[in-house]
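S.K.: Show me the folded form of this:
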Amino acid sequence: MDSQENILQQEQAENVKQTEEVVNAEAQETVAPEAPEVETTAPETEATAEDVEPEAVAEEPVEEPAETVAEPEAEPEEIAEAAEEEPATAEEEPAEETQAKTFESKADVLDRLKEIVSEGETPRKDELDMLKTIFYKFHIAEREAKLKEYLDAGGDPEKYQITPDEDENVFKAEMAVIKERRQKAFQQTEAEKQENLKKKLDIIEQIKAIATSPDEANKSYQTFKALQQQWKEIKAVPAEKANELWRNYQLYVEQFYDLLKLNIEAREYDFKKNLEMKTKLCEAAEKLAEEPDVVSAFQQLQELHQQYREIGPVSKELREETWARFKAASTVVNKRHQQHFESLRAQEDENLAKKTALCEKVEAIAQEENKGAADWEKHTKQIIEIQNEWKTIGFAPQKMNVKIFERFRAACDSFFSRKAEYFKDMKQRFSENAEKKRALVEKAQALADSTEWRSTSDKLIALQKEWKSIGMVPKKLGDQLWNDFLAACNKFFEARNAANVDTRSTEHANLATKRSIIEQMKAILEDKAEDAEDKVQELIEQYQATGHVPFKEKDKIYAEYHEVVDKLRSEFNINTSRRKLDNFKNNIKNIARRGEDALDNERGRLMRKYEQMKQEIQTYENNLGFLNAASKKGNSLIDELNKKVQKLKDDCELVRQKIKAIDAENAEED
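M.R.: Residues are numbered from 1 along each chain as shown. Next comes the predicted model:
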């Protein structure tokens, strides 16, 4: 009997040692690699013209944006709600399967939430965070799109009001139900852990009672086995109590085995049964290497380790071999699990690099100078394209995800803020120009019924000149104002022309006179007399002194007159200006004899006259441009102005040549 007890004591010591090895090994081998960080920041938008986008963003946010955008943040109420962390359970792992799903719209997110509520599910917190992120990404992208549509339609950004989103109310209601359910589940789980703690403490006390009563040890073997089975069936306990609980349990189990006087056959039977169970666990662990879902494989491995821990020892010669086999299978699963998350981290780093490059592009565009509306629209299209590309890129590492998004959104917001300010200023300028043109319309309409033909004509011409100096207004309004202004001007000029009907007989007489002068010029062209130049000059003066001719004959007689005059000048080299210039050059010496400053004074007078003539020419040409573009009537007025302009140009050129002659004379004296 003593030898049997010694054997039992040795085996029990080995059992205790093996148990310590298992616990220590499991503590090292079953620690899960750090789970991938799940992006739970506000949705990314395109800009907006919010954001986008922001989404715009849009997404990009930009979404945005967004006008987009950029991509704007969630409203304060949503942000506060997102900040309320729900209690997480120790069993939660990243919801890889849910993250792999594609949500095309807010409706998809709401369908998933309704499915969770209707089926009574208690989802993981990371899945809820993901659903919340995706929902507000679409929500803000829609809001930025509405803002952009409002701005594109000419709306005032300062008067824009965000319309309530019924989908958001449904989303919050469903999330509230789920949150309450998770809270209840968490509380229930914690209560169960406390209850399990009490049960296990009670089992320890019962084993302690058996282990401290040597006389009752053999009689209580079945009771002990039942208590062990109960211990295995009781699951989770509070984490802070687990290690202490296990140590106490193992202590009294070891004490019980020390006292237990089992026969060798029973002991060997236990070893055999334990070996069979641990062998099955090894096989199950080895099969996990073929499991396609590495996260699921890792979770299953944790359950196998828990079962392995609860199984008693095997024979001494097989202990190391069995444990080595189980440990090797565990290592394969752990490495696959670790590699999986390392791959995710590598992808996140790549995404960060791509997003950084997009930030740099937007920042460069935001710094470019925009010379007009076309440049703003071109750069807006470029940023929207970048926001759309941003939306195709996955999450960056969690520590940088929010920062890189804030950098992107800041660049988009900077551009769209400057754009909004530019078009706001443009709108203000258009408004001011429209008011100025309305004032001119009112003045023209006030003059439209005037019968003071000459003074009113000058006033209307001045108004026309002022009209051309005013900047642009929106096309539709500009056309309306122009038509009103032109109608007022035409009304006056038509009335003035009608009042001149009595002058028609005089015009016919003038026509006969001009035709007679033209015939005399033609005769001079054929005779080629010596005094032809003087006669031609006299006839030209007579022609110019003759008044207006009938409107229908004006162009014809004017063309006939200039044709014969051009031929005369070409034939006889008649140039009145040249003659006047020659006379002036001959008279320069006489001017110089008047005094030292006589030539300088004459030059100053001529310069003033030259500048005055240039101003008059510019004024007439402006009026001619206005009349040519604005009215099909009033050709007589146009012809009259053309004559005045040509005469002014000839006189101006003569004055310029006189100035050059004075400069040449001064140069010779020096």
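S.K.: tally of neighbours for I461?
M.R.: The local packing of I461 (other C-beta atoms under 10 Å) involves 19 other residues. C-beta coordinates here come from the backbone N, C-alpha and C atoms, glycine included.
S.K.: Use 58 as the first number for this chain going forward.
M.R.: All right, first residue 58 from here; so that's I518.
S.K.: Please give the element, helix or strand, for it.
M.R.: Using DSSP states H and E, I518 sits in helix 510-526.
S.K.: Need the residues that contact that helix.
M.R.: Residues outside helix 510-526 that contact it (C-beta atoms under 8 Å, 6 or more residues apart in numbering): 494, 497, 500-501, 504, 507, 542, 546, 549-550, 553, 556, 676, 679-680, 683, 687.
S.K.: What ranges does the stretch 558-707 of the chain have for its helices?
M.R.: Secondary structure of the stretch 558-707 of the chain (DSSP state H, counting those that start in this stretch): helices at 561-584, 589-602, 608-629, 633-650, 655-687, 692-726.
S.K.: Can you say which of the ones you listed is nearest to K255?
M.R.: With C-beta to C-beta, the closest approach to K255 among the helices of the stretch 558-707 of the chain belongs to helix 655-687: 99.5 Å.
S.K.: and that closest one, what other elements does it pack with?
M.R.: For helix 655-687, the packing partners by 3 or more C-beta pairs under 8 Å, 6 or more residues apart in numbering; DSSP states H and E come out as helix 510-526, helix 633-650, helix 692-726.
S.K.: Verify the stated contact: N567 with V606.
M.R.: Yes - N567 is in contact with V606 according to C-beta atoms under 8 Å; the separation is 5.1 Å.
S.K.: Comparing those two, which shows the higher neighbour count?
M.R.: Shown here are N567 and V606; by other C-beta under 10 Å, V606 has more neighbours (23 against 19).
S.K.: and that one, how far is that from E377?
M.R.: Noted for V606: a distance of 130 Å to E377, by C-beta to C-beta, to the nearest Å.
S.K.: Tell me the secondary structure at V371.
M.R.: coil (DSSP: H, G, I helix; E, B strand; the rest coil).
S.K.: ok, for it, nearest residue in space, not its chain neighbours?
M.R.: Excluding its sequence neighbours, the residue lying closest to V371 (C-beta to C-beta, 6 or more residues apart in numbering) is L332, at 4.4 Å.
S.K.: need the contact list for that neighbour.
M.R.: Contacts of L332 (C-beta under 8 Å, 6+ apart): V371, S372, L375, T379.
S.K.: Give me the mean pLDDT for the helix or strand harbouring it.
M.R.: Per DSSP H and E, L332 falls inside helix 321-344. Helix 321-344 carries an average pLDDT of 84.
S.K.: Could I get the CA-only coordinates of it as CSV?
M.R.: The C-alpha trace of helix 321-344 is given here as CSV (Å, rounded to 0.1, in the frame of the first residue of the first chain):
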residue,chain,number,x,y,z
ILE,A,321,-2.9,1.9,-10.7
GLU,A,322,-5.5,0.5,-13.1
ALA,A,323,-7.9,3.4,-12.4
ARG,A,324,-5.0,5.8,-12.9
GLU,A,325,-4.0,4.3,-16.2
TYR,A,326,-7.6,4.4,-17.3
ASP,A,327,-7.7,8.1,-16.6
PHE,A,328,-4.4,8.6,-18.5
LYS,A,329,-5.8,6.7,-21.4
LYS,A,330,-9.0,8.7,-21.6
ASN,A,331,-7.2,11.9,-21.2
LEU,A,332,-4.8,10.9,-24.0
GLU,A,333,-7.7,10.1,-26.3
MET,A,334,-9.4,13.5,-25.6
LYS,A,335,-6.1,15.4,-26.1
THR,A,336,-5.3,13.6,-29.3
LYS,A,337,-8.7,14.6,-30.7
LEU,A,338,-7.9,18.2,-29.7
CYS,A,339,-4.5,18.0,-31.5
GLU,A,340,-6.3,16.7,-34.6
ALA,A,341,-8.8,19.5,-34.5
ALA,A,342,-6.1,22.1,-34.0
GLU,A,343,-4.2,20.7,-37.0
LYS,A,344,-7.3,20.9,-39.2
